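**Student:** heads up, no residue letters with this:
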């Protein structure tokens, strides 16, 4: 398509969009503002139709250089060294959130494997021991999963006892 024809199509599309916008009964605009709106609409439509053909990628890929190597980041059991700033952390999740990243985005950014840990090994072990100590992960003992079933006792009655007549 030639540039003149695409410009005409963009102008026609911008005009149609402006007419539709002005046809909305909720739109309140003075007559002086219509040409400026049409100009902005034409610029926007031109950018949208022209930018897709010229540059397929609007955002260039940024190369991120890690602060430390993968081997060094996992060298200690007590902490993981961040590849963003080179500082040690017990867990990386909050640190990554402050930089606007998820663990998967962090792994993609630095070319890490999907099983790269986000928590230091010793910290994970201490949390696991604490959870076991307080009983997390065990099934409830109250739920009737015991080996011997105890006979059911009648529920206590409330209020007055029923008195039976003496003649029976």
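**Tutor:** Cool, got the structure. Just so you know, these numbers come straight off a predicted model, no measurement behind them. Numbering: from 1, shown residues only.
**Student:** any idea of the pLDDT on the residue nearest in space to the middle of the chain?
**Tutor:** Closest to where the C-alpha atoms of the chain average out (CA atoms, centre = their mean) is residue 102, at 7.5 Å. With respect to pLDDT, residue 102 has a value of 94.
**Student:** And residue 109, by the same measure?
**Tutor:** Note for residue 109: predicted pLDDT of 92.
**Student:** what's the answer for residue 58, then?
**Tutor:** At residue 58, pLDDT is 49.
**Student:** Show me the shaky parts of this protein.
**Tutor:** For the chain, applying pLDDT under 70 flags the ranges 1-8, 51-61, 142-163, 167-168.
**Student:** how about the helices in it?
**Tutor:** Remark: helices assigned in the chain by DSSP state H are 3-23, 34-54, 70-73, 93-98, 103-110, 121-134.
**Student:** How many residues are close by the nearest residue in space to residue 88 that is not next to it in sequence?
**Tutor:** Nearest residue to residue 88 in three dimensions, chain neighbours excluded: residue 79, at 3.7 Å (CB to CB, 6 or more residues apart in numbering). C-beta here means a position set from N, CA and C on the backbone, and glycine is covered the same way. Per other CB atoms under 10 Å, the neighbour tally for residue 79 reads 20.
**Student:** Can you give me the domain boundaries for the protein?
**Tutor:** Split into domains by automatic domain parsing, the chain comes to 3-54, 70-121.
**Student:** which one of these is the most hemmed in?
**Tutor:** Mean neighbour count (mean count of other CB atoms under 10 Å) peaks for domain 70-121 among the domains of the chain, with a mean of 14.
**Student:** my read: residue 95 touches residue 84, true?
**Tutor:** Yes: with contact defined as CB atoms under 8 Å, residue 95 counts as touching residue 84 (7.5 Å).
**Student:** Might you report the residue contacts of the residue nearest to residue 88?
**Tutor:** 88, 89, 90, 120, 123 (CB atoms under 8 Å, 6 or more residues apart in numbering).
**Student:** Of these, which belong to strands?
**Tutor:** Members of those lying in strands (criterion: DSSP state E): 88, 89.
**Student:** Find the pair from the contacts of residue 79 with maximum spatial separation.
**Tutor:** 88 and 123 (11.2 Å; CB to CB).
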